[in-house]
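Participant: got a structure for you, letters missing:
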């Protein structure tokens, strides 16, 4: 009866992609640990890019920098 | 000084129901473990039905199936 | 299909007390939100008192202070 | 490669304040545990005041009480 | 830069199985959402069977019941 | 009344270092968001290096690789 929590940035993840995460994680737990899918929970949290930081910056800034970089190239 | 986190699907939970969860969990911790309500935190996360999976399906699909089933009956 | 996570300090909580938390939270969700106990998960995390802080202090210190206070009284 | 999760009430926290939390937590982990900022994640969850309880009340009520108190003074 | 948290019961999960979960979840996020493995965190929490409840029972009891059932068969 | 959760690898973090994290995070929330330390919770989770993955590897392997690298230099 496992519990899986994905936390990803909120950047247009579709219902199909979410379902792929749900099914992939459920299959993984069934294959590796023989866990019963009927009691496998998967919860996906989408986090605003202002609310996620890495390397002293928020993801909003990192995305803007990457976009500027891409435009220059 | 306990911390309680409820995660439920976002399906119209009212402020009254949330308060009932807060008060019920606080009372439970006071009764069972003699915890001080003044430092008992209860946080309720409401999760979109597309973002919650069980048994290889998301809850959006499970609710649609249950509704179709109910209509047939 | 709710998920409940209790976090309490690791201070000798018994299996009976843990079961009381599990049953109390499950009953609460069934009563307030009509949730199915068969898919209600309750997970209890026990946290070392050195690893829990409140008011600029860890719980180890708070417990020592309370014990000293009690001895004086 | 630490992970930090702040949970605060959703009461108008600005992007600048969020960045200050991200940078402060990252600096703290670098200073205290010599952790690499490039793999330090900070995630801030903002929680509705109806969804956060303490001392048998939700924060919505606590804020209303404090405002009423302030007006009387 | 996603974060994945698996919570499973503490029942002899091997380092190899844990690595399979880490690699499977990382591959899943790369395939479905094009996430960079270099900043994909996977954390596995192992929870004592006394501390995990479902359907008003703890997993310790559920395992004992299943073992008794198997012996009868 | 914020809640802060640090998750770090279990690699000999001392009680003094944990207290520094507790005090640093509490001070940060007081300074940035004017939060009351009396109701600021900080919880530190220490995670086994086999249970933490990044970039398709667990931290146990990453530490072994870094040690081998250091020995060669």
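Facilitator: Cool, the structure landed. Note that the structure is predicted; figures quoted are calculated from it, not measured. Numbering: from 1, shown residues only, chains lettered A, B, ... in the order given.
Participant: Surely residue A:41 touches residue A:25?
Facilitator: No: the criterion here is Cβ atoms under 8 Å, and residue A:41 misses it with residue A:25 at 9.7 Å. For every residue, glycine as well, the C-beta is placed using N, CA and C.
Participant: anything in contact with each of those two?
Facilitator: Listed as contacting both residue A:41 and residue A:25 by Cβ atoms under 8 Å, 6 or more residues apart in numbering or on different chains are A:4, B:53.
Participant: and these two? which has more neighbours close in?
Facilitator: Neighbour count, other Cβ atoms under 10 Å in any protein chain shown: between residue A:41 and residue A:25, residue A:25 has more, with 27 against 23.
Participant: What are the buried residues along the helix or strand hosting residue A:71?
Facilitator: Taking DSSP states H and E as the definition, residue A:71 sits inside helix A:59-72. For helix A:59-72, burial by neighbour count (16 or more other Cβ atoms under 10 Å in any protein chain shown) applies to A:59, A:60, A:62.
Participant: Quick one: mean pLDDT for that helix?
Facilitator: The average pLDDT within helix A:59-72 is 95.
Participant: those strands in chain A, which residues are they?
Facilitator: A:3-9, A:41-47, A:52-54, A:57-58 (DSSP state E).
Participant: which residues sit against the helix-or-strand element of chain A with minimal mean pLDDT?
Facilitator: Using mean pLDDT, DSSP states H and E, helix A:59-72 stands out as the lowest-scoring helix or strand of chain A, at a mean of 95. The contact list for helix A:59-72 (Cβ under 8 Å, 6+ apart) reads A:9, A:11, A:49, A:50, A:52, A:53, A:54, D:15, E:1.
Participant: Those residues: which two are farthest apart?
Facilitator: The span of those, defined through Cβ to Cβ, is set by D:15 and E:1 at 18.1 Å.
Participant: Chain C versus residue A:31, what's the distance?
Facilitator: From residue A:31 across to chain C, the span is 21 Å (Cβ to the nearest Cβ, to the nearest Å).
Participant: Isn't residue A:50 up against residue D:17?
Facilitator: No: applying Cβ under 8 Å, one finds residue A:50 not in contact with residue D:17, separated by 10.0 Å.
Participant: The two - which one has more neighbours?
Facilitator: Neighbour totals were compared for residue A:50 and residue D:17, and residue A:50 leads with 19 against 15 (other Cβ under 10 Å).
Participant: Which residues are in contact with that one?
Facilitator: By Cβ under 8 Å, 6+ apart, the neighbours of residue A:50 are A:58, A:59, A:60, D:15, D:18, D:19.
Participant: ok, the third one to residue F:72 distance?
Facilitator: As judged by Cβ to Cβ, to the nearest Å, residue A:60 and residue F:72 stand 40 Å apart.
Participant: got it, and the second one?
Facilitator: Taking Cβ to Cβ as the measure, residue A:59 falls 36 Å from residue F:72.
Participant: so who does the residue lying closest to residue A:1 once chain neighbours are set aside touch?
Facilitator: Among residues not flanking residue A:1 along the chain, residue A:39 sits closest, at 3.9 Å (Cβ to Cβ, 6 or more residues apart in numbering or on different chains). By Cβ under 8 Å, 6+ apart, the contact set of residue A:39 is A:1, A:2, B:54, C:39, E:54.
Participant: Among the residues you listed, which one lies nearest to residue F:35?
Facilitator: Here the nearest of those to residue F:35, counting by Cβ to Cβ, is residue A:2; it sits at 34.2 Å.
Participant: So what's the residue count around that closest one?
Facilitator: 25.
Participant: Quick one: residues contacting it.
Facilitator: Residue A:2 touches A:29, A:33, A:35, A:39, A:40, A:41, E:6, E:7, E:8, E:9, counting by Cβ under 8 Å, 6+ apart.
Participant: give me the number of residues near the nearest residue to the third one once chain neighbours are set aside?
Facilitator: What that stands for is residue A:35. Distances taken as Cβ to Cβ, 6+ apart place residue A:29 nearest to residue A:35, at 4.1 Å, with adjacent residues excluded. When neighbours are defined as other Cβ under 10 Å, residue A:29 has 24 of them.
Participant: which stretches of chain A have low pLDDT?
Facilitator: Counting by pLDDT under 70, chain A contains no low-confidence segment.
Participant: Which residues of it lie near chain B?
Facilitator: Where chain A comes near chain B, counting by Cβ under 8 Å from any Cβ of the partner chain, the residues are A:15, A:18-19, A:21-23, A:25-27, A:37-46.
Participant: follow-up on the earlier one: return the most buried member of the strands of chain A.
Facilitator: Comparing the strands of chain A by mean neighbour count (mean count of other Cβ atoms under 10 Å in any protein chain shown), strand A:52-54 comes out on top with a mean of 24.
Participant: Give the partner strands of it in its sheet and their orientations.
Facilitator: With DSSP bridges as the test, strand A:52-54 is paired with strand A:57-58 (antiparallel), strand D:41-47 (antiparallel).
Participant: mind checking how far residue A:19 is from residue B:52?
Facilitator: Counting by Cβ to Cβ, the gap from residue A:19 to residue B:52 is 11 Å.
Participant: Actually, residue A:73.
Facilitator: Using Cβ to Cβ, one gets 40 Å for the distance from residue A:73 to residue B:52.
Participant: quick one on the thing from earlier: so which pair among the contacts of residue A:39 is furthest apart in space?
Facilitator: Spatially, the most separated pair among the contacts of residue A:39 is A:2 and C:39, at 13.1 Å (Cβ to Cβ).
Participant: Would you pull up the residue in chain A closest to chain D?
Facilitator: For chain A and chain D, the shortest gap (Cβ to the nearest Cβ) falls at residue A:53, measuring 3.1 Å.
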